[in-house]
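Peer 1: Coordinates only, no sequence provided:
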């Protein structure tokens, strides 16, 4: 509970600081808004890139698991065929 209150206090302080900074900034409001928008776009692009990298990594891992599962299934079928052949030999022999 204490950490939640501390976090809320820190976030409130950051928000108040940002508002005061915007109010006392020497730039025009339109320039500030453009800067904020540009920074937001940059963050959005970076987030999209990281998300795509994450998804590509998961896809590669899934493909690897799928290939390994296929190899294991083939090995299992092969072993089963060997056991079946052995059983037939024992029953006939």
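Peer 2: Arrived safely. Since we're looking at a predicted model, the values are computed, not measured.
Peer 1: What spatial separation is found between the residue nearest the centre of the chain and residue 45?
Peer 2: Closest residue to the average C-alpha location of the chain: residue 54 at 4.1 Å, with CA atoms, centre = their mean. Applying CB to CB, to the nearest Å, the value for residue 54 to residue 45 is 15 Å. In this view, the C-beta of every residue, glycine as well, is placed from N, C-alpha and C.
Peer 1: what's the single longest helix in this protein?
Peer 2: helix 29-92 (DSSP state H).
Peer 1: I'd like the mean pLDDT over that one, please.
Peer 2: Mean pLDDT, helix 29-92: 89.
Peer 1: mind checking how far it is from the chain centre?
Peer 2: 12 Å (CA atoms, centre = their mean, to the nearest Å).
Peer 1: That one - contacts with which helices or strands?
Peer 2: Counting contacts by 3 or more CB pairs under 8 Å, 6 or more residues apart in numbering; DSSP states H and E, helix 29-92 packs against no other helix or strand.
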